[in-house]
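J.: This is a predicted model, with the sequence first.
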Amino acid sequence: MPLFPQQFIDDLRLQANILTVVQEYVPLKRAGTSYKGNCPFHNEKTPSFVVHPDKGFFHCFGCGVGGDVFKFLELHEKIGFQDAVRMLAQKAGVAIPESDASSEEGRRDTALRESLLKMHEIAAAYFREQLAAPVGARARVQLAERGLSPQTIEQLGLGFAPNSRDGLKARLVKQGFEQGLLLQSGLIAQRGTDETVDRFRNRLMVPICRDTGSVIAFGGRQMDPDQGGPKYLNSPETPIYSKSRTLYGLHLTKSAIRTIGFAVLVEGYFDFAQVFQAQAAAAVASCGTALTTHQAQLLRRFTSKVVLSFDPDAAGLGAAVRSCEMLVAEGFNVNVVVLDRGDDPDTFIRKHGGDQYRARLRRSHPYLEYLLDQAAQGLDFSHDDSRREFLGRMLTVAARIPDAAGRDQFADRLAHKARITEDVVRAEIRKAAVSRKTSLTARELPASGQLKDAEKALIWSLIHNTGEAREALGELEEPDLEGLAGRQILEMAQSLHDEPADLLPSTLLQRLSTVNAQLVTSIAATATSTAPPAACARALKRLRCERERAALQREIDRLQELGATQHGIEIDNLWQRKKDLLHRIEQLT
């Protein structure tokens, strides 16, 4: 049972203007009755992304993505349908109704999250207080030695966890939080069977925020190398924190990222701190060795271009390669900046300053070019074995490039580098790309060429001439749709016979699978239909009759081979049925 009543979803769809919503994310220009702009879901120079506000859908002719206003928010914000409904309701200023079946559970979940957020807010204040107190003197010295100014320390909310077993715990208990909630927060840890203590002790504390700015976790750095435990201790996963879905510093830089059009991705908290303090670039940190797909999707909400700035040691370069390959597969335009050996962004900026770091960023190399250069090192391309080895290394990377045009461009550069014929390289890359496909992605569409012309025209009319299209659909029976590539679309449209005509297009797009919804929007985005709906219905009925006539003829031929004398009566009956079908085909022509 859906969380929101269907009537609420329908009303919200009518109240929310898809053009207004999309224009929050994509600059659009009027093009007749529609609006056009660069697609936010893939890189393009020539606009192919179209919004039809009168019909309530969008479609990109470049990557094939399409759908209604809910689908746009799902894809752009990387959220599920229910979250898209909530977000759209918030944008439209519409109150969200509670469902009796889920309100109690929903209220409990909301209360838990609000409590955990409040606890982290209290913890952040506690750690800042301790940093400013006498007990935090050595921590202040360490931060100063790292070159961080008081203003930066304040902006980042840095703090200090004293070497106390229950200082934070006592603060939270005083605020009324119970034992079970203390443990759920991750701020307090269980020791033995009946003892709980502060998780973070004698550590520089870095608050980790979601992109809205709320503190959801902490990272704690050792004050002393020999104090025990890991160098960096991070909060565990909680109902409000998932490490793989969080980018450190995004709440501070997201506006700048949107403005300048790219983000610099660094590894750690203090790499971010130096880049941020020097105002050298709009940065975020992965806080781990390799980026996750969830983090990439979060970043995609703000930019499609990333410059990776990892440590130049083997581990850092390995992490850069893994992150780059994943980012390329997610459709990002990726560059790599290479610093001096032994330097990370933190140490480089402290030595040379923000201007020199900006200069390195300007000289960053496109990732695929960088990778070609790295893979070519030590190979002699005058030998066939070296060329084959090089091509083998690059095929896996090339296969991860999401669009065919990008793969072909990479193939051309690869061929030039290895002195191999372009056609040969392109053919090998296409084979590699096909072999790694295990499922249909949201960017891929079934070929509309598989649809009959009558199917395409009828689907077009469902969006643009809904009343007549629905009447025509009412004339079609189940056998009329058998074997058609668009059967699922037409059957879904038939099932919505009670839906108001003005709601049917958007409701249809919502109910269809992503692939079928994209197919519908790709057809609906074309200029005009080729035939009226009634004629399309007649054509589909005629196709059914032709299929049945052909089947009858095959059966007649089979019986005649077995013996016309033995099967004469059956053959005569089949001929009569065939004659009736031929007469009906004439009427439908």
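T.: Perfect, thanks for sending it.

J.: drop to CA atoms for contacts and neighbour counts, all remaining ones
T.: Will do.

J.: surely residue 269 meets residue 283?
T.: No - using C-alpha atoms under 8 Å, residue 269 makes no contact with residue 283, being 10.7 Å away.

J.: who has more neighbours, those two?
T.: More neighbours surround residue 283 than the other of residue 269 and residue 283, with 30 against 21 (other C-alpha atoms under 10 Å).

J.: Which residues are in contact with the closest residue to residue 80 other than its chain neighbours?
T.: Closest residue to residue 80 apart from its sequence neighbours, by C-alpha to C-alpha, 6 or more residues apart in numbering: residue 74 at 5.7 Å. Taking C-alpha atoms under 8 Å, 6 or more residues apart in numbering, we find residue 74 in contact with 80, 81, 83, 84.

J.: Going by distance to residue 325, which of the residues you listed wins?
T.: residue 80 (25.5 Å; C-alpha to C-alpha).

J.: Can you tell me how far that closest one is from residue 93?
T.: Distance, residue 80 to residue 93, using C-alpha to C-alpha, to the nearest Å: 20 Å.

J.: again with residue 159
T.: From residue 159 across to residue 93, the span is 38 Å (C-alpha to C-alpha).

J.: can you check residue 49 too?
T.: Look at residue 49 and residue 93: by C-alpha to C-alpha, they are 27 Å apart.

J.: Compare those two (neighbour count), which wins?
T.: Neighbours per residue, other C-alpha under 10 Å: of residue 49 and residue 93, the larger number sits with residue 49, 26 against 12.

J.: Give me the neighbour count for the residue lying closest to the more buried one once chain neighbours are set aside.
T.: Excluding its sequence neighbours, the residue lying closest to residue 49 (C-alpha to C-alpha, 6+ apart) is residue 60, at 4.1 Å. Residues lying near residue 60 (other C-alpha under 10 Å) number 25.

J.: Return the distance of stretch 489-496 from the chain's centre.
T.: How far stretch 489-496 lies from its chain's middle: 28 Å, per C-alpha atoms, centre = their mean, to the nearest Å.

J.: CA atoms only: put that stretch into PDB for me.
T.: The C-alpha trace of stretch 489-496 is given here as PDB (Å, rounded to 0.1, in the frame of the first residue of the first chain):
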ATOM      1  CA  ILE A 489       2.500   0.800 -22.300                       C
ATOM      2  CA  LEU A 490      -0.900   0.300 -24.000                       C
ATOM      3  CA  GLU A 491      -2.200  -2.100 -21.400                       C
ATOM      4  CA  MET A 492      -1.200   0.300 -18.600                       C
ATOM      5  CA  ALA A 493      -3.000   3.100 -20.400                       C
ATOM      6  CA  GLN A 494      -6.100   0.900 -20.800                       C
ATOM      7  CA  SER A 495      -6.100   0.200 -17.100                       C
ATOM      8  CA  LEU A 496      -6.400   4.000 -16.400                       C
END
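
J.: end to end, how far does stretch 73-81 reach?
T.: Using C-alpha to C-alpha, one end of stretch 73-81 lies 8 Å from the other.

J.: List the buried residues for that stretch?
T.: By 16 or more other C-alpha atoms under 10 Å, the buried positions in stretch 73-81 come out as 73, 74, 75, 76, 77, 78.

J.: Lovely, talk soon.
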